[in-house]
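Colleague: okay, here's the prediction I keep looking at, along with the sequence it came from:
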Amino acid sequence: MKGKEYILRTNSLSKSYHGCRVLQKVSIDLEPGRIYGLIGQNGAGKTTLMRAITGLTFPEEGSIELFGQRGKDLPEERKRIGSMIEYPSIIPYMSAGENLTYYKTLRGIPGKALVGELLALVGLKDTGRKAARNFSLGMKQRLGIAIALIGNPDLLILDEPINGLDPLGVIEIRELIKRLCEERHMTILISSHNLPELYQTATDYIIIHHGSIKRAITQKELEENCKHHILIGSMEPEKVVNVIEMQLHTDKYKVMPDKTVKLYDCLDEKETVAKALMDSGIIMTSFTVQGDTLENYFLSVIGGEGNA
Ligand SMILES: Nc1ncnc2c1ncn2[C@@H]1O[C@H](COP(=O)(O)OP(=O)(O)OP(=O)(O)O)[C@@H](O)[C@H]1O
């Protein structure tokens, strides 16, 4: 049987700055045509990992395999990566078209139509001679992505591409990323602190904390972990449990440390559940249908420290 195909594999990458480990034996595997959300707090090592993959910094330990090539000729293989790391590398006094032409020429990429195609793809076709320094933040980000797309990469790496964007800008980038994945079968690694947004974009998540990979999980697995449930708040969780077991005949529940009870069953029979609890004299302080969020999941994986 043919083994799994990988676009990128990092094997035990470690990197230190001034004696301080910022990447610790980082191993990740990226499969083709998927969108990976890289999640971590400030300083977790996301940018450093992206810089290591693209060759902007060098790990002291570990190895990188790109496109199944086992790192035979990394500089050559890296030509199939497009990236926007930290800031879009835009030349401010040039227009969007001039920026793209400049980078295209610099990289020796032929094809007259490419600049127009990329401008259309990122929605900057009508910006004419306007200098990039006068662009909105969203336009600058989209131009940065267009620059990253110049070589029609197989792997696209985007560090915080929606940072500072307004809601419309966020939606535009989300649509663009999804289109690149669906239409061009690109593999995309994207870091973001906006977890609700990432949840709408990514197909997989990689959680990094203090330079170590804590979890790699698919959207499907995440959904399984963040299953919808009825959240029942009361001062008498043992009575709630009794009703659930004896009257609703299910054991799919969990008592939380704050005394709420999560019921993963009977979601289509909310009225029956509510009535059974009330008829048993339980005073409920809350009764809502919820699904755990990516934020909660992230916090539970890193041990509840701070925000993403
Ligand atoms: N060139 C550098 N010199 C010294 N320390 C660095 C350098 N680059 C990164 N670091 C340190 O490495 C750690 C990881 O930084 P990194 O930028 O990779 O984190 P991050 O997860 O991208 O954070 P953020 O979400 O804030 O962008 C931080 O403690 C940072 O201060």
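Modeller: Done, it's in.

Colleague: could you pull out the helices for this structure?
Modeller: Taking DSSP state H, the helices of the chain run over residues 46-54, 74-77, 96-106, 114-121, 137-148, 167-184, 195-201, 219-225, 237-246, 270-279, 294-302.

Colleague: quickly, which of those helices bottoms out on average pLDDT?
Modeller: With a mean of 81, helix 219-225 has the lowest mean pLDDT of the helices of the chain.

Colleague: before we move on, the earlier item: want to throw the helices of the chain into CSV with distance to the ligand and mean neighbour count?
Modeller: The C-beta positions use only the backbone N, C-alpha and C, and glycine is treated the same way. Below are those laid out as CSV (distance: least, Cβ to the nearest ligand atom, whole Å; neighbours: other Cβ atoms under 10 Å):
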stretch, distance to the ligand, mean neighbour count
helix 46-54, 3, 22
helix 74-77, 20, 13
helix 96-106, 24, 18
helix 114-121, 26, 18
helix 137-148, 15, 23
helix 167-184, 17, 16
helix 195-201, 13, 18
helix 219-225, 20, 14
helix 237-246, 38, 16
helix 270-279, 40, 15
helix 294-302, 12, 18
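
Colleague: next, format these as JSON lines and append distance to residue 8.
Modeller: Below are these laid out as JSON lines (distance: least, Cβ to Cβ, whole Å):
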{"stretch": "helix 46-54", "distance to residue 8": "7"}
{"stretch": "helix 74-77", "distance to residue 8": "10"}
{"stretch": "helix 96-106", "distance to residue 8": "23"}
{"stretch": "helix 114-121", "distance to residue 8": "23"}
{"stretch": "helix 137-148", "distance to residue 8": "16"}
{"stretch": "helix 167-184", "distance to residue 8": "15"}
{"stretch": "helix 195-201", "distance to residue 8": "19"}
{"stretch": "helix 219-225", "distance to residue 8": "19"}
{"stretch": "helix 237-246", "distance to residue 8": "46"}
{"stretch": "helix 270-279", "distance to residue 8": "45"}
{"stretch": "helix 294-302", "distance to residue 8": "22"}
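
Colleague: nearest to residue 208, out of those helices?
Modeller: Proximity to residue 208, assessed across the helices of the chain by Cβ to Cβ, is greatest for helix 46-54 (6.1 Å).

Colleague: contact partners of the closest one?
Modeller: 8, 10, 13, 15, 22-23, 26, 28, 38, 40, 57-59, 64, 78, 81, 83, 85-86, 157, 159, 189, 191, 208, 211 (Cβ atoms under 8 Å, 6 or more residues apart in numbering).

Colleague: residue contacts, the residue lying closest to residue 6 once chain neighbours are set aside?
Modeller: In space, and not counting its chain neighbours, residue 6 is closest to residue 29: 5.4 Å by Cβ to Cβ, 6 or more residues apart in numbering. Contact analysis of residue 29 by Cβ under 8 Å, 6+ apart lists 4, 6, 8-9, 216.
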